[in-house]
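> Using only what follows, build the 3D model:
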Amino acid sequence: QVQLVASGGGLVQAGDSLRLSCAASGLTFSGYAMGWFRQAPGKEREFVAAISRSGSGVIYATSVKGRFTISRDNAKNTVALQMSSLKPEDTAVYLCARGKSWAAYPGRDEYDYWGQGTQVTVSS
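The predicted model follows:
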């Protein structure tokens, strides 16, 4: 059974930091890129960050570049998203996903397995 379980969300104030984690099981993890996406109420799911299978390649959405850092631990089948200087517009459900290939891409179609997400709420 494929599972991508995201955790670490919560309610924080603007300027605070949060660290999200996603634990993968039931699928091959180390050979594929991983990504984080987010979806706010009434909005489409949008790309946040992605990391290649080795961790050497990372890409970020312009809106989070310089504030968020994606990382992975292939020994533990986990991917993390360190978020700092959070803004109210970062409020969303954050989901992790496994890529279809080893390279990091921003498009939703490049991911085949998705977790259910964790809620992040940033108050002003």
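> Could you use CA atoms for every contact and neighbour count after this?
OK.
> All the strands of this protein, residue numbers only.
3-7, 10-13, 18-25, 34-39, 46-51, 58-60, 68-73, 78-83, 92-99, 111-114, 118-123 (DSSP state E).
> who wins for proximity to residue 105 among the ones you listed?
strand 46-51 (6.6 Å; CA to CA).
> Pull the residues that contact the closest one.
With CA atoms under 8 Å, 6 or more residues apart in numbering as the test, strand 46-51 has contacts from 33-39, 57-61, 64, 69-72, 103-108.
> Give the PyMOL command for selecting the buried subset of the residues you listed.
Selection of buried members from these for PyMOL, criterion 16 or more other CA atoms under 10 Å:
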select buried, resi 33+34+35+36+37+38+39+58+59+60+64+69+70+71+72+103+104+105+106
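> Test my guess that residue 119 contacts residue 6.
No. Taking CA atoms under 8 Å as the definition, residue 119 is not a contact partner of residue 6, at 9.4 Å.
> Those two - which one has more neighbours?
residue 6 (24 against 21; other CA atoms under 10 Å).
> Tell me which residues touch that one, please.
Contacts of residue 6 by CA under 8 Å, 6+ apart are 20, 21, 22, 23, 94, 95, 96, 115, 116, 117, 118.
> follow-up on the earlier one: how about a markdown table for the strands of the chain, with mean pLDDT added?
Converted to a markdown table, the strands of the chain look like this (pLDDT from 0 to 100):
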| stretch | mean pLDDT |
| --- | --- |
| strand 3-7 | 96 |
| strand 10-13 | 98 |
| strand 18-25 | 97 |
| strand 34-39 | 98 |
| strand 46-51 | 98 |
| strand 58-60 | 98 |
| strand 68-73 | 98 |
| strand 78-83 | 98 |
| strand 92-99 | 98 |
| strand 111-114 | 96 |
| strand 118-123 | 98 |
